[in-house]
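Asks: Would you be able to build a 3D model of this:
(chains A and B)
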Protein chains: 2
Amino acid sequence: MTTQELVAQIHKKQSFLCIGLDTDLEKIPAFLLEEEDPIFSFNKGIIDATHHLCVAYKPNIAFYEAYGVKGWSSLRKTIEYLNDNYPEIFTIADAKRGDIGNTSTRYAKAFFEDLNFDSITIAPYMGRDSVEPFLEFKNKHTILLALTSNNGAFDFQTKITDGQELYKEVLSVSTTYKGSENLMYVVGATKAEYLKEIRNIVPNSFLLVPGVGAQGGSLEDVCTYGITKDIGLLINSSRGIIYASNQKDYAEVAELKARELQVAMAKEILKLN
Amino acid sequence: MTTQELVAQIHKKQSFLCIGLDTDLEKIPAFLLEEEDPIFSFNKGIIDATHHLCVAYKPNIAFYEAYGVKGWSSLRKTIEYLNDNYPEIFTIADAKRGDIGNTSTRYAKAFFEDLNFDSITIAPYMGRDSVEPFLEFKNKHTILLALTSNNGAFDFQTKITDGQELYKEVLSVSTTYKGSENLMYVVGATKAEYLKEIRNIVPNSFLLVPGVGAQGGSLEDVCTYGITKDIGLLINSSRGIIYASNQKDYAEVAELKARELQVAMAKEILKLN
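Replies: Predicted structure coming up:
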């Protein structure tokens, strides 16, 4: 998917919501456990109920990998269901991968070609030759971890290096990578005020923002500091939507929660005019 | 496996060799492609031929993930074969994972419990709460990326932060993590001279050293700067051993190459007396 197609979808749906499919057998409604593939059934329920209110889905790969071969099968069914039924949706493999050159190419093929995701999250620690193999894929997007929303972010990401915080160094340096036009960045919403300085470094890049809702970030603050003329934001919510109910009505309640966010986002988009 | 058991195995075999199982359908001998599971068959051949010369095997998970559900099945068969037939071997899931708290626990369970690996490689960028979930597992080891052997290592890892290079900051800070006695570190052999300073920070920790051989590092240099009284080193070789021949004799040739390294390692161990 091209960035233009993503932007068009955002305007059409008046939403820049990404729904995190962090699907956990211990948290999904008990009645689904009788299904042949409870993880896929749950995801299908969420997707069918919310696809008109969001522009992206983001399965966190750890949740699938934790169930081994079975989990990978659920992941494959989920991405195929999305691509077959809602091809306009931007799909994110939240994998946080990062390895040496040839090995990165392996991961890129696995997620971009075999599973046909539109994008993947990548850790920056190993530098240029661990990221560039992902950037070679046309109309695929690499979402680099810059500033994450967990407490551990302060261990290294905010340390000063070369006169600026490491996460800013990651932003600056990565813009020199070959194919950097295919980069997006993860920036946690718990530090919305940081977005102003981030926009000085990457004025137009899409930012994937976790941490709104359950982790305490404010949608309005994120937009105040981070929104661009092409929106430039994907705001992720996982638990707050998919686990809002663990009863038979889980999909309808998820729709309600997604709609609340979509309505709030439409207001922010309106402010741009 | 306890660290003491690993050290005992090193002394018994007079080897601190780790063999990387970066198994690639495009590189293995063509005759194996007729087998039901060529990746597992190749691994089994390598393992049976070399297990007495090495103390660890390290499948790089990307190579398996690239083949989707089938690849995960090959990985599972490989680790089960190792655990059933050579339980003395230290097993490393080279996954380079790293995610927020609960998600890290998922990965830890997948690799430590479900697949029953002895250890996993982890990226440090997300900090304490992305690493500590792995450290809770008793007799399991977390191998943190410190200084990698690729060129991209110079993008961020060697930048000065808080008065020292980021990779040293990673070493220092990680020693304060809860369960840090279960930490080991990845340190690329292409910078063997750095090992002296690394040993000032982590004098006794095991270091997993890639980059000897194919990537140009010298075994003797690594030992000069990095060896401890309990050895404290696992030297990895992948391509130089497993792809030394791509004919019917691949396993025998792998044994020869592994033996060359084992003999050189025995000499280094002898120097300690």
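Asks: show me the contacts for A:Val253.
Replies: Each residue near A:Val253 by CB atoms under 8 Å, 6 or more residues apart in numbering or on different chains is listed here: A:244-245. Using the backbone N, CA and C atoms, a C-beta is placed for each residue, glycine as well.
Asks: ok, now how distant is it from A:Ile46?
Replies: Separation of A:Val253 from A:Ile46 (CB to CB, to the nearest Å) stands at 10 Å.
Asks: repeat for A:Asp114
Replies: Taking CB to CB, one finds A:Asp114 at 23 Å from A:Ile46.
Asks: ok, A:Val55 to chain B distance?
Replies: Distance, A:Val55 to chain B, using CB to the nearest CB, to the nearest Å: 23 Å.
Asks: Please apply the same query to A:Glu34.
Replies: 23 Å.
Asks: next one: A:Tyr225
Replies: Using CB to the nearest CB, we find A:Tyr225 at a distance of 22 Å from chain B.
Asks: Can you list phi and psi of the closest residue to that residue other than its chain neighbours for me?
Replies: The shortest distance from A:Tyr225 to any non-neighbouring residue, by CB to CB, 6 or more residues apart in numbering or on different chains, is to A:Leu195 (3.6 Å). The phi/psi pair for A:Leu195 (degrees, to the nearest 10) reads phi -60, psi -30.
Asks: How about A:Ile227, nearest residue that isn't a chain neighbour?
Replies: A:Leu233 (5.9 Å).
Asks: partners of the one you found in the sheet?
Replies: Here A:Leu233 sits in beta bridges with A:Leu207, as judged by DSSP bridges.
Asks: I figured it hits A:Val212, correct?
Replies: No - using CB atoms under 8 Å, A:Leu233 is not in contact with A:Val212, being 10.1 Å away.
Asks: longest helix anywhere in chain A?
Replies: helix A:250-271 (DSSP state H).
Asks: What are the buried residues along that helix?
Replies: Judged by neighbour count (16 or more other CB atoms under 10 Å in any protein chain shown), helix A:250-271 contains these buried residues: A:250-251, A:253-255, A:257-262, A:264-265, A:268-269.
Asks: in the stretch 101-250 of chain A, which ranges drop under the pLDDT threshold?
Replies: Applying pLDDT under 70 to the stretch 101-250 of chain A flags residues A:213-217.
Asks: Can you show me the helices along it?
Replies: A:101-108, A:128-135, A:153-156, A:166-174, A:194-201, A:219-226, A:239-242, A:250-271 (DSSP state H, counting those that start in this stretch).
Asks: Would you mind putting those helices into TSV with distance to B:Leu145 alongside?
Replies: Output for the helices of the stretch 101-250 of chain A, formatted as TSV (distance: least, CB to CB, whole Å):
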stretch	distance to B:Leu145
helix A:101-108	13
helix A:128-135	10
helix A:153-156	12
helix A:166-174	15
helix A:194-201	25
helix A:219-226	30
helix A:239-242	29
helix A:250-271	36
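Asks: Any figure for the gap between A:Lys12 and A:Leu6?
Replies: The gap separating A:Lys12 from A:Leu6 is 11 Å, by CB to CB.
Asks: from the chain's centre, how far out does stretch A:2-11 sit?
Replies: Distance, stretch centre to chain centre, for stretch A:2-11: 15 Å (CA atoms, centre = their mean, to the nearest Å).
Asks: whoops, stretch A:31-39 was the one
Replies: 25 Å.
Asks: more crowded one of A:Lys12 and A:Leu6?
Replies: Between A:Lys12 and A:Leu6, counting by other CB atoms under 10 Å in any protein chain shown, A:Leu6 is the more crowded of the two (23 against 11).
Asks: ok and the residue in the stretch 151-273 of chain A nearest chain B?
Replies: As assessed by CB to the nearest CB, chain B sits closest to A:Gly152 within the stretch 151-273 of chain A, at 2.6 Å.
Asks: where's A:His52, which helix or strand?
Replies: Assigned by DSSP states H and E, A:His52 belongs to no helix or strand.
Asks: for stretch A:233-245, how far is the first residue from the last?
Replies: For stretch A:233-245, the separation between the terminal residues is 27 Å (CA to CA, to the nearest Å).
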